[in-house]
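# This is a predicted model, with the sequence first.
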Amino acid sequence: MIFYDKFKRGREQEIQVQGTDTTSLRATKHFFDKANSRKSSYHFEWLVRPIIQYPQDIVAMQEIIWSVQPELIIETGIVHKSSLIFSASMLELNAACGGHQDAEVLGIDIDIRKHNRQAIESYCMFKRISIISGSILDLDIIEQVKMKASGKQSVLVCLDSNHTHDHLPAELEAYAPLVTLGTYWMVFDESIGDFPDDMFPDSPWGLFFTPQGLSRSIWRLTLSLKLTKASKISY
């Protein structure tokens, strides 16, 4: 066994231990409650655009995009949305290292504000970015996405739009067939189920609307286990 394999095995064991350490879990929960109350995830940028992700999630996405080498990344929910720029830059890096030369990222959102679209379209790697404006669950939009994914051998899907318990199953039903063998289905912001009810009072999230239970089952399915067959995704 080479050194790197030993390192990875030791790391996996450390992660398993950390995941069952109640002291660490309480400390992490306390940190996230404090950090989220100050919108900590809004404090970071990727190539001079707000990315609204935590650094550890950004690193995790880099690891996944490198290991999967997707031809197409589908992202629901755009907002500012430097995650499109992040994905495009990772795909550019993959291409520079011998990966898919025409790989691209497709963003879908019902409300793409003019200044956000202009910022994305002015980006130097916009050649790898496509944007569809409309409801993620609109049948015409779904058909457009299916056409974009048609023939792609490796499709990674990231859900980061409406986080309510009603919306997420509908997204799963619409987009699950697009996830290809050996890649991942990513659900962002699963942690909102742990937020205090008064943290974001204007959001539709809360005790009776949290997608936490649903998304945790997806999280286990997608991040702990590499998909063996997309059609086995269930909720």
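Looks like it arrived, so ask away. Numbering: from 1, shown residues only.
# Residue 171: neighbour count?
20 (other C-beta atoms under 10 Å). Any C-beta I mention is one placed from the backbone N, CA and C, and that applies to glycine too.
# Offset the numbering so it begins at 16, please.
With 16 as the first residue, the last one maps to residue 186.
# Was I right to think it contacts residue 174?
Yes. Using C-beta atoms under 8 Å, residue 186 is in contact with residue 174, at 5.5 Å.
# between these two, what contacts are shared?
residue 91 (C-beta atoms under 8 Å, 6 or more residues apart in numbering).
# and the most centrally placed residue in the chain, what helix or strand is that in?
Among the residues of the chain, the one closest to the centroid is residue 173, at 3.9 Å (C-alpha atoms, centre = their mean). Element membership of residue 173 [criterion: DSSP states H and E] is strand 170-174.
# Can you name every helix or strand that that strand contacts?
helix 70-83, strand 87-91, helix 182-190, strand 200-202 (3 or more C-beta pairs under 8 Å, 6 or more residues apart in numbering; DSSP states H and E).
# Send over that strand as CSV, restricted to the C-alpha atoms.
Provided in CSV are the C-alpha atoms of strand 170-174 (Å, rounded to 0.1, in the frame of the first residue of the first chain):
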residue,chain,number,x,y,z
VAL,A,170,-23.6,14.2,-15.2
LEU,A,171,-23.4,15.6,-11.7
VAL,A,172,-26.6,17.2,-10.2
CYS,A,173,-26.5,19.8,-7.4
LEU,A,174,-29.8,21.0,-5.7
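# orientation of that strand relative to helix 182-190 in degrees?
Using axes from the mean of the first three to the mean of the last three C-alpha atoms, to 10 degrees, the inter-axis angle of strand 170-174 relative to helix 182-190 is 160 degrees.
# can you put the helices and strands packed on strand 170-174 in CSV and add mean pLDDT and distance to residue 57?
Output for those, formatted as CSV (pLDDT from 0 to 100; distance: least, C-beta to C-beta, whole Å):
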stretch, mean pLDDT, distance to residue 57
helix 70-83, 93, 13
strand 87-91, 94, 18
helix 182-190, 83, 22
strand 200-202, 82, 20
